[in-house]
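Asker: quick one, structure for this:
(one chain, ligands or ions: 2)
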Amino acid sequence: MAICTVHTTPSLSMPNTHLNQRQVIFFTSARKNQFFRGQNRAFTVSCSADAKTVVIGLAADSGCGKSTFMRRLTSVFGGAAEPPKGGNPDSNTLISDTTTVICLDDYHSLDRTGRKEKGVTALDPKANDFDLMYEQVKALKEGKAVDKPIYNHVTGLLDPPEVIQPPKILVIEGLHPMFDERVRDLLDFSIYLDISNEVKFAWKIQRDMAERGHSLESIKASIEARKPDFDAFIDPQKKYADAVIEVLPTQLIPGDNEGKVLRVRLIQKEGLKHFSPVYLFDEGSTISWIPCGRKLTCSYPGIKFTYGPETYFSNEVSVLEMDGQFDRLDELIYVESHLSNLSSKFYGEVTQQMLKHSDFPGSNNGTGLFQTIIGLKIRDLYEQIVAERAAATAQAAKV
Ligand SMILES: Nc1ncnc2c1ncn2[C@@H]1O[C@H](COP(=O)(O)OP(=O)(O)OP(=O)(O)O)[C@@H](O)[C@H]1O
Ligand SMILES: O=C(CO)[C@H](O)[C@H](O)COP(=O)(O)O
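Answerer: Ligands and ions are numbered 1, 2, ... in the order given. Coordinates of the predicted model:
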């Protein structure tokens, strides 16, 4: 769909008829620059700029909560996300009314055997096709469908491609959304999930031992084997992110390394056009707040919020931090009422979203809270961009 202008001309048979000279309508871009002749008038359709897809990048190592974040984000827009209908059952793509989430593993240029033969990991840029990633994200952003490859995580092979239509919001999630400068420049907003080694280890053990039957030694070995490439190619992307969710062990329990109680920091870049950071109490000031008391039930070790300005990789940021976990999620409304710039559509929307997905990992702590907040921020960013485009088109029509 494109936003187009219809130029009407007086009818050839009725040259003095007063007609609207221009009208802004929605038209398929296939009709662009065509000439039509109606009953009493002739008109052409010209499209100054095609309506573009908003592109969001989400970077993180494997097993760091990308899928959970995506489920929270999709829910903010309503509707469930599903794999392409009738397609490859092992597709990594998730489509909803508003969003399409593509997994960048699909741009692995080497399959599992190829990586083994060449002695490279999936994190190594040599195992990924950044030219194709750039071309296809660019095409989707311009409103063109693409034939995207599929990396099959079950077989470790590259499957035949699937057609991806340009959505309203395209999320590219995976190991390298901000690695290649050309791809990075296509992003309207970028997020990095920065999970500390201790916490990553605890989550991996929980998932891969409990749910996938791996041994403790094999989990340790896999983390160690990936670490050099993670440090070289994945971690450095966080300096480009507009928002970083940093997950660390709690500071409320001295010496804790269980990874159950978490300290989570939402690092938000200042000065972006379509994003204004969430703040606690008083924008720009430094705050420390322990909300436990009459309105918020807290068992040991309690909850502590902090907020304030910082510098992150030479960028001015504001950081909202939550250490600890909620006992009763419905009481989150008390915390929500003290946060500003949430981009919610009604009072209590953050709490409502969190309650709706109370079974998702991290719903009782800052990971779930900050993922939900960023979900609302992405909706707001999308709505701002769409409104700006509509205003620009209306203005062009007036001129
Ligand atoms: N906020 C959280 N709190 C606790 N555990 C979490 C959290 N987020 C994720 N996990 C754990 O990590 C596992 C992986 O989460 P998720 O599937 O969302 O990550 P992912 O980055 O999409 O993983 P992959 O890339 O391997 O598919 C979950 O099954 C859960 O055990
Ligand atoms: O880091 C990863 C991204 O999710 C995977 O390890 C990578 O895609 C390789 O996949 P596989 O485990 O199928 O070899």
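
Asker: so where's the protein uncertain?
Answerer: 1-51 (pLDDT under 70).

Asker: pick out the residue of it closest to ligand 1.
Answerer: G362 (2.3 Å; Cβ to the nearest ligand atom). Where C-beta positions appear, they are placed from N, C-alpha and C, glycine not excepted.

Asker: any idea which element the closest residue to that residue other than its chain neighbours lies in?
Answerer: Residue nearest to G362 in three dimensions, not counting chain neighbours: G368, with 4.1 Å by Cβ to Cβ, 6 or more residues apart in numbering. Assigned by DSSP states H and E, G368 belongs to helix 366-398.

Asker: what does the chain put close to ligand 1?
Answerer: 60, 62-68, 203, 206-207, 361-362, 367 (Cβ under 6 Å from any ligand atom).

Asker: and ligand 2, which of the residues you listed contact it?
Answerer: S62.

Asker: the residues of the chain next to ligand 1 in helices, which ones?
Answerer: Using DSSP state H, the members of the residues of the chain next to ligand 1 that fall within helices are 66-68, 203, 367.

Asker: hang on, the earlier thing: so the residue of the chain closest to ligand 1 makes contact with F370?
Answerer: No: look at G362 against F370 with Cβ atoms under 8 Å: they stay out of range, at 9.1 Å.

Asker: the two: who's more crowded?
Answerer: F370 (28 against 24; other Cβ atoms under 10 Å).

Asker: give me the distance between the more buried one and ligand 2.
Answerer: Computed as Cβ to the nearest ligand atom, to the nearest Å, the F370 to ligand 2 distance reads 22 Å.

Asker: tell me if I'm right that that residue and L266 touch.
Answerer: Yes: between F370 and L266 there is a contact under Cβ under 8 Å: 4.2 Å.

Asker: between those two, what contacts are shared?
Answerer: Contact with both F370 and L266 is made by residues 245, 320, according to Cβ atoms under 8 Å, 6 or more residues apart in numbering.

Asker: the helix holding G368: how far from the chain's middle?
Answerer: 13 Å (Cα atoms, centre = their mean, to the nearest Å).

Asker: what's the answer for stretch 88-95, then?
Answerer: That offset, for stretch 88-95, works out to 18 Å (Cα atoms, centre = their mean).

Asker: and that stretch, how far apart are its ends?
Answerer: End-to-end span of stretch 88-95 (Cα to Cα, to the nearest Å): 14 Å.

Asker: are we agreed that F230 is in a helix?
Answerer: Yes: when DSSP: H, G, I helix; E, B strand; the rest coil is applied, F230 is found to be in a helix.

Asker: how much space is there between it and L262?
Answerer: Note on F230: its distance to L262, by Cβ to Cβ, to the nearest Å, is 20 Å.

Asker: and for F179?
Answerer: Here the distance between F179 and L262 works out to 27 Å (Cβ to Cβ).

Asker: with F346 instead?
Answerer: F346 is 28 Å from L262, by Cβ to Cβ.

Asker: assign I150 to helix, strand or coil.
Answerer: Per three-state DSSP, I150 ends up strand.

Asker: which residues sit in contact with whichever residue of the stretch 251-399 of the chain sits closest to ligand 2?
Answerer: At 16.7 Å from ligand 2, P361 is the closest residue in the stretch 251-399 of the chain, using Cβ to the nearest ligand atom. If a contact means Cβ under 8 Å, 6+ apart, then P361 has 65, 68, 367-368 as its contacts.

Asker: could you measure P125 against ligand 2, distance?
Answerer: P125 is 13 Å from ligand 2, by Cβ to the nearest ligand atom.

Asker: could you report the neighbour count for the nearest residue to that residue once chain neighbours are set aside?
Answerer: Closest residue to P125 apart from its sequence neighbours, by Cβ to Cβ, 6+ apart: F233 at 6.1 Å. If you count neighbours by other Cβ under 10 Å, F233 ends up with 18.

Asker: contact partners for F233?
Answerer: When contacts are taken as Cβ under 8 Å, 6+ apart, F233 is in contact with 123-125, 175-176, 179.

Asker: returning to that earlier point: weed out the non-buried ones from the ones in helices among the residues of the chain next to ligand 1.
Answerer: The neighbour-count criterion (16 or more other Cβ atoms under 10 Å) marks 66, 68, 203, 367 among these as buried.

Asker: possible to save those residues as TSV with distance to H108?
Answerer: Output for those, formatted as TSV (distance: Cβ to Cβ, whole Å):
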residue	distance to H108
K66	16
T68	22
W203	23
T367	27
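
Asker: and these, which is closest to G143?
Answerer: For these, the minimum distance to G143 (Cβ to Cβ) is 25.8 Å, reached by K66.

Asker: wait, isn't the closest one in contact with E173?
Answerer: Yes: using Cβ under 8 Å, K66 makes contact with E173 at a distance of 5.0 Å.

Asker: where do the contact lists of the two overlap?
Answerer: By Cβ under 8 Å, 6+ apart, the residues touching both K66 and E173 are 58, 60.

Asker: quick one, helices of the chain?
Answerer: Using DSSP H, helices in the chain cover 66-76, 112-118, 130-141, 181-184, 197-204, 210, 216-229, 332-336, 349-356, 366-398.

Asker: picking that back up, by neighbours, which of the contacts of F233 wins?
Answerer: The most neighbours of any of the contacts of F233, using other Cβ under 10 Å, belong to L175, which has 27 neighbours.

Asker: residues in contact with that residue?
Answerer: 59-62, 104-105, 122-123, 128, 233-234.

Asker: state the pair within the residues you listed that is farthest apart.
Answerer: Largest separation among the contacts of L175 by Cβ to Cβ: A60 and N128, giving 15.6 Å.
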